[in-house]
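Novice: just the structure for this:
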Amino acid sequence: MSQIWLVPAFPLLGFLLNGFLGKRFGTRFVTFVGPLAIALSFAQSLVLFFQMLEAEGNVLKEHLYPWISSGNFEAGINFQVDQLSGLYLLVITGVGFLIHVYSVGYMDGESGYYRFFAYLNLFVFFMLILVLGDSFLLMFVGWEGVGLCSYLLIGYYFEKDSAAEAAKKAFLFNRIGDFGVLSAVMLIFLAFGSIEFATINAEAATQLEYGGALVTAITLLLFLGATGKSAQIPLYVWLPDAMEGPTPVSALIHAATMVTAGLYMVARLSHLFVLAPFTMNVIAVVGTATALLAATIAVTQTDIKRVLAYSTVSQLGYMFLAMGVGAFGAGVFHVMTHAFFKALLFLGSGSVILAVHHEQDMRKMGALKNKLPITYMTMLLGTFAISGIPFFSGFFSKDEILWKAYSSPLGSPWLWGVGFLTAGLTAFYMFRMIYLTFHGESRVDSHTAEHVHESPFSMTIPLMILAALAVTGGFF
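Specialist: This next block holds a predicted model:
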């Protein structure tokens, strides 16, 4: 027995304990339960990952109980771990654990401390359900769950109108995407009589005509869902506003959970997408356009978190470019390396924001290099990685995407050219951010400047671990 169910069970237990008992038992109880739940989930994910590598066909399956039975239709609570979901498990729980540890320092003294950790645990739980489910029905439970948790966490400071508005915006834009997914699932059931991924992928080539109207409609509707969750044109506008939540939330949404869900779905149903060349071209063009548009917007931003938010939209466009030219492996590889350096950069920006008393405008920073040495060094390494400097993690995954964009039968020199230009823009706006924040003359107001100091170990140790992963992650 693989005991896959333990992976989501630990975060769910953490949510229940902190949600119902956290206020009564206080900060120390919440601090113990929140990160521990994700640590146990990560440990179990590691065990399952190595079991999966040795299992027949590299797949572990687990049937918990029948859920819906109606005529010929059967849907159970079934989990599966294969190479795709196994990698996602490690990213979600590993990076998620570091974000939880960091949150202990960052959220210290907040009145809703227990509520924050309860939501954070619930977010990880739903993302794990999304990637572990062996059918559309179970995946959609996780899909909607991460939408709910993003709403709760983006609107964490619900007294602020801007936070409440941003939460509603995220919720509504994702509903548009959900319409696409639900419509596609209904068409899939009509075509296959099943909504299990294994059945769909196995029978896709025999049940559907290559380039036919039905498979094109199904994949376009699925891609509409992916543009909502993974912030592509035209549904990307919710993600920059998601900065209204606390910085660890931004790191969790952008690196380990919600925005990678759309990419997971496309990769999971790759057998379906390769039968729809028109959809693949649409995905490649939309991904490339999103990557370029968001990079040009990032160049003009003055808010340190908004630079990183538009950067995420741009990098997600890169991942969809890979999916659109059929390089599903390269796209998922970039999901992993991006999780390392983007979590690092967001958490680093949080360290800076705390140091300068919650100021986010980079024009009011500068010369922080010597006062925040660990934050500076780790963010610099993360910048090297996202910029594609050779031998850092982002170099390997970006290089593979660009090569496939040029050489794949579905690729073209145009896609490569725009991708290459975007990579240059990425390096420009990231080093601009580093320079404005850490170099030059100090523009911090004199009262704040006297109190600037490095963050506590609970925040800097996760930064150092993520920096090590950002440097070495490409060699995996």
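Novice: can you pull out the helices in the stretch 151-300 of the chain?
Specialist: Secondary structure of the stretch 151-300 of the chain (DSSP state H, counting those that start in this stretch): helices at 161-192, 197-207, 213-229, 238-241, 247-251, 261-268, 270-273, 277-300.
Novice: for the longest one, what is the average pLDDT?
Specialist: The reference is to helix 161-192. Averaging pLDDT along helix 161-192 yields 90.
Novice: got the angle for it vs helix 197-207?
Specialist: 50 degrees (axes from the mean of the first three to the mean of the last three C-alpha atoms, to 10 degrees).
Novice: list the buried residues in helix 161-192.
Specialist: 163, 166-167, 169-171, 173-174, 177-178, 180-181, 183-185, 188, 191-192 (16 or more other C-beta atoms under 10 Å). From N, CA and C alone the C-beta is placed, and that goes for glycine too.
Novice: rewinding a little: nearest to W5, of the helices of the stretch 151-300 of the chain?
Specialist: helix 197-207 (18.3 Å; C-beta to C-beta).
Novice: export that closest one to CSV, keeping only CA atoms.
Specialist: What follows is helix 197-207, C-alpha atoms only, in CSV (Å, rounded to 0.1, in the frame of the first residue of the first chain):
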residue,chain,number,x,y,z
PHE,A,197,-7.1,10.7,-17.5
ALA,A,198,-5.6,7.3,-18.3
THR,A,199,-8.6,6.4,-20.5
ILE,A,200,-8.6,9.8,-22.3
ASN,A,201,-4.9,9.6,-23.1
ALA,A,202,-5.0,5.9,-24.1
GLU,A,203,-8.0,6.3,-26.4
ALA,A,204,-7.5,9.8,-27.7
ALA,A,205,-5.9,8.8,-31.0
THR,A,206,-8.6,6.2,-31.8
GLN,A,207,-11.7,8.1,-30.6
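Novice: now that helix: mean pLDDT?
Specialist: Here the average pLDDT along helix 197-207 is 88.
Novice: elements contacting it?
Specialist: Judged by 3 or more C-beta pairs under 8 Å, 6 or more residues apart in numbering; DSSP states H and E, helix 197-207 is in contact with helix 161-192, helix 270-273.
Novice: helices of the stretch 1-150 of the chain, residue ranges please.
Specialist: For the stretch 1-150 of the chain, the helices defined by DSSP H, counting those that start in this stretch occupy 6-25, 27-54, 83-106, 113-132, 136-154.
Novice: and these, which is most packed in?
Specialist: Per residue and on average, the most neighbours among the helices of the stretch 1-150 of the chain fall to helix 113-132, with a mean of 26 (mean count of other C-beta atoms under 10 Å).
Novice: quick one: distance of it to the chain centre.
Specialist: Centre-to-centre, helix 113-132 and its host chain are 13 Å apart (C-alpha atoms, centre = their mean, to the nearest Å).
Novice: what angle do it and helix 213-229 make?
Specialist: 160 degrees.
Novice: re the thing from before, redo the helices of the stretch 1-150 of the chain as CSV? Include mean pLDDT and distance to M365.
Specialist: As requested, those are exported to CSV (pLDDT from 0 to 100; distance: least, C-beta to C-beta, whole Å):
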stretch, mean pLDDT, distance to M365
helix 6-25, 93, 34
helix 27-54, 93, 30
helix 83-106, 92, 18
helix 113-132, 93, 26
helix 136-154, 91, 24
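Novice: out of those helices, which is closest to A385?
Specialist: So among these, helix 83-106 is nearest, using C-beta to C-beta, at 13.9 Å.
Novice: and the contacts of stretch 194-208?
Specialist: 75, 80, 134-137, 185, 188-189, 191-192, 214-215, 268-272, 275 (C-beta atoms under 8 Å, 6 or more residues apart in numbering).
Novice: distance to K23 for the helices and strands packed on helix 197-207 - can I get that in a markdown table?
Specialist: Below are the helices and strands packed on helix 197-207 laid out as a markdown table (distance: least, C-beta to C-beta, whole Å):
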| stretch | distance to K23 |
| --- | --- |
| helix 161-192 | 21 |
| helix 270-273 | 45 |
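Novice: of all those helices, which one is nearest L347?
Specialist: Nearest of these (C-beta to C-beta): helix 161-192, 19.9 Å.
Novice: angle of the longest strand seen in the chain against helix 197-207?
Specialist: Assignment by DSSP state E gives strand 60-70 as the longest strand of the chain. Relative orientation of strand 60-70 and helix 197-207, computed by the same axes, to 10 degrees: 80 degrees.
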